[in-house]
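Participant: here's my sequence, what's the structure:
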Amino acid sequence: MSNFTKGQGAKITVKFTEMLINTESIEGNNENAFSVEGQEFLYINGPLVTGDYQINTVELHPSEPNSVLITMLPLKRFHNSEGELLVQYDAGEGNLEGIAGIVESFQESFMPTDLEPVPNPHLEENIASSVSDYILTLTEINFIDGFTDDEFVECAVTDYTVTFTHIDHIDP
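Facilitator: You can find the predicted model right below:
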């Protein structure tokens, strides 16, 4: 089991109303049977998109009876989810079995509580820019008693504006 704590969006407990049997075959056989779906912001205050939540393990819960513990992959957790999460189980992919027989496919929504959002777990992003091609328009300047024919005036661009355009808005 991973060492994530509550609030880090890495674990979900699914409790069943009936006792589970053949519990020794749960681990390693149900990761593809479960899926977790939810929404999160694409970027801070951006549009909501479907989160990429991926399951690492499904195992018998160590302390909750009649329960399985779903643990997400460390970099595919739901710690930034917005609203409800949807947990789905596909009986055709899994092998869960209860006292009354094979566990049927189901889906259940819930609102995760006490999540600790991590808006950007990576290093701060910086954009550096420079001007490579520019047109400098010079107007006539009259110097009085300032320069001789051997001297020259050095010019540089000191103030410019950079406009970023999203790649979806650029003609190919």
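Participant: who touches residue 85 in this structure?
Facilitator: Listed by CB atoms under 8 Å, 6 or more residues apart in numbering, the contact partners of residue 85 are 12, 36-38, 53, 78, 109-112. For the C-beta atoms, the positions are set from N, CA and C on the backbone; glycine is no exception.
Participant: partner residues bridging it?
Facilitator: Using DSSP bridges, the beta-bridge partners of residue 85 come out as residue 110.
Participant: and it, what pLDDT?
Facilitator: Note for residue 85: predicted pLDDT of 95.
Participant: same check on residue 129?
Facilitator: With respect to pLDDT, residue 129 scores 64.
Participant: what subset of the contacts of residue 85 is buried?
Facilitator: Among the contacts of residue 85, the ones that count as buried by 16 or more other CB atoms under 10 Å are 12, 36-38, 53, 78, 112.
Participant: closest to residue 101 among these?
Facilitator: For the buried ones among the contacts of residue 85, the minimum distance to residue 101 (CB to CB) is 23.8 Å, reached by residue 12.
Participant: A strand includes that closest one, no?
Facilitator: Yes - according to DSSP: H, G, I helix; E, B strand; the rest coil, residue 12 belongs to a strand.
Participant: quick one: the strands in the chain?
Facilitator: In the chain, the strands defined using DSSP state E lie at 11-15, 20-21, 34-41, 48-50, 55-60, 67-72, 81-89, 97-98, 101-102, 106-110.
Participant: may I see those strands arranged in a markdown table, with distance to residue 27 as well?
Facilitator: Below are the strands of the chain laid out as a markdown table (distance: least, CB to CB, whole Å):
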| stretch | distance to residue 27 |
| --- | --- |
| strand 11-15 | 14 |
| strand 20-21 | 12 |
| strand 34-41 | 13 |
| strand 48-50 | 27 |
| strand 55-60 | 4 |
| strand 67-72 | 9 |
| strand 81-89 | 15 |
| strand 97-98 | 14 |
| strand 101-102 | 18 |
| strand 106-110 | 20 |
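Participant: which of those strands sits most buried?
Facilitator: The highest mean neighbour count among the strands of the chain, using mean count of other CB atoms under 10 Å, belongs to strand 67-72: a mean of 20.
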